[in-house]
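Trainee: 3D model of this:
(one chain, ligands or ions: 1)
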Amino acid sequence: MAGDNVLAGQVAMVTGAGSGIGEAIATALAGAGARVAVADINLEAAQRVASRLPGAVGVHCDVTKKASAIAAVAEVERTLGPLEILCNNAGVSTMQRIENLTEDEWDFNFNVNAKGVFLVTQAAIPGMLARERGCIVNTASMAGKIGVPLLAHYAASKWACIGFTKSCAREFGPHNIRVNCVCPGYVRTSMQTRELEWEASLRGMTIDEVQAEYISQTPLGRLETPEDVAKVVLWLCTPGAAFVTGAAIDVTGGADL
Ligand SMILES: NC(=O)c1ccc[n+]([C@@H]2O[C@H](COP(=O)([O-])OP(=O)(O)OC[C@H]3O[C@@H](n4cnc5c(N)ncnc54)[C@H](O)[C@@H]3O)[C@@H](O)[C@H]2O)c1
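Mentor: You can find the predicted model right below:
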């Protein structure tokens, strides 16, 4: 496991860090000594998280907009210094049967979960290439490896995220830049609260019944916490993972087996 201050002096940017898994990642990286840019489309949430982390700053970033991604990376490098660690974590989901799925829903999921990862990576990579040093960790999903009813559009966007991650690992590996992703399962966040409501309504079940199904599908027998994911992301950013790139690591408690 990562020791204290293993990331001392390094600058990290985490998108979608105003809540949930991103907040836990920002907290873990700051706990290991990194100076963290807490980036989110919700600046107030980003600033709230940053205010309780030593050396952190809150930054506005809408990952779906190229200009916003470029401005956010520039702001991070101006205020904290050269960016070494980028966690593309911002993500959204909606639930719908394919026959009722709208183009808007498809685009919303793809714009944040796939295009957003590309845009922020593209904004950060020139500096990393120039310095021949960098580590990128994307938050994909177990839905990026298996088919998931009601989440076909979300799953497709996360398969795209994994494909992009592996391609980046091949392009940037020769420049000493590692690119990996984590694939969480059923994580207790506001995203899950929304999904429980949608799924219960679409399947004619109660929220408790849907939640019990999530747990029964998980061999380790409980819902996942944001910290379960953050610990693996932190490890991927440390020297312990120095020879790991292009990996899509399951952090699911076995829910995807
Ligand atoms: N919760 C789960 O069960 C689960 C499972 C697998 C993967 N994931 C993935 O984990 C990541 C984090 O999800 P979460 O569960 O913490 O959700 P969450 O809704 O709690 O947090 C998502 C954060 O992303 C921010 N965000 C949304 N759109 C944005 C944009 N365009 N630009 C910048 N920030 C934006 C939101 O403001 C929010 O703070 C997502 O990529 C999600 O797909 C979640």
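Trainee: which parts of the protein are helices?
Mentor: Ranges of helices in the chain, per DSSP state H, are 20-31, 43-51, 66-79, 103-110, 116-131, 152-172, 190-203, 207-216, 226-236.
Trainee: residue numbers of this structure in contact with the ligand?
Mentor: 15-16, 18-22, 40-42, 45, 61-64, 89-93, 112, 116, 139, 141, 184, 186-187, 189-192 (C-beta under 6 Å from any ligand atom). All C-beta atoms are positioned from the backbone trio N, CA, C, and that covers glycine.
Trainee: related to what we said a few turns ago, how about the helices of the chain in TSV, adding mean neighbour count and mean pLDDT?
Mentor: Formatted as TSV, the helices of the chain follow (neighbours: other C-beta atoms under 10 Å; pLDDT from 0 to 100):
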stretch	mean neighbour count	mean pLDDT
helix 20-31	26	98
helix 43-51	18	98
helix 66-79	17	98
helix 103-110	16	98
helix 116-131	20	98
helix 152-172	20	98
helix 190-203	15	96
helix 207-216	14	97
helix 226-236	22	98
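Trainee: per the record, what domains does this structure have?
Mentor: 11-185+225-250, 188-223 (automatic domain parsing).
Trainee: can you list these in TSV and add distance to D4?
Mentor: As requested, the domains of the chain are exported to TSV (distance: least, C-beta to C-beta, whole Å):
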stretch	distance to D4
domain 11-185+225-250	7
domain 188-223	27
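Trainee: give the contact list for the closest residue to G134 other than its chain neighbours.
Mentor: Nearest non-adjacent residue to G134, counting by C-beta to C-beta, 6 or more residues apart in numbering: M128, 3.2 Å away. For M128, the contact set (C-beta atoms under 8 Å, 6 or more residues apart in numbering) comprises L83, E84, L86, G134, F172, H175, I177.
Trainee: quick one, phi psi at A32?
Mentor: phi -90, psi 10 (degrees, to the nearest 10).
Trainee: that one reaches W235, doesn't it?
Mentor: No. Counting by C-beta atoms under 8 Å, A32 sits too far from W235 to count as a contact (9.9 Å).
Trainee: now A143: closest residue in space, sequence neighbours ignored.
Mentor: A155 (4.1 Å).
Trainee: show me the contacts for that neighbour.
Mentor: S141, A143, G144, I146, G147, V148.
Trainee: now for those residues: which two are most distant?
Mentor: Distances among the contacts of A155 were taken as C-beta to C-beta; the most separated pair is S141 and G147, at 12.2 Å.
Trainee: so for these two, which sits in the more crowded spot?
Mentor: Set S141 next to G147 and count neighbours by other C-beta atoms under 10 Å: S141 wins out with 28 against 10.
Trainee: nearest residue to the middle of the protein?
Mentor: The centroid of the chain falls nearest to N89 when counting by C-alpha atoms, centre = their mean (2.1 Å).
Trainee: my guess is that one contacts G18. True?
Mentor: No. Taking C-beta under 8 Å as the definition, N89 is not a contact partner of G18, at 10.4 Å.
Trainee: ramachandran angles for the residue of the stretch 51-200 of the chain found nearest the ligand?
Mentor: Here the stretch 51-200 of the chain gets closest to the ligand at one residue, G91, 2.0 Å apart by C-beta to the nearest ligand atom. Phi and psi for G91, reported as degrees, to the nearest 10, are phi -160, psi 160.
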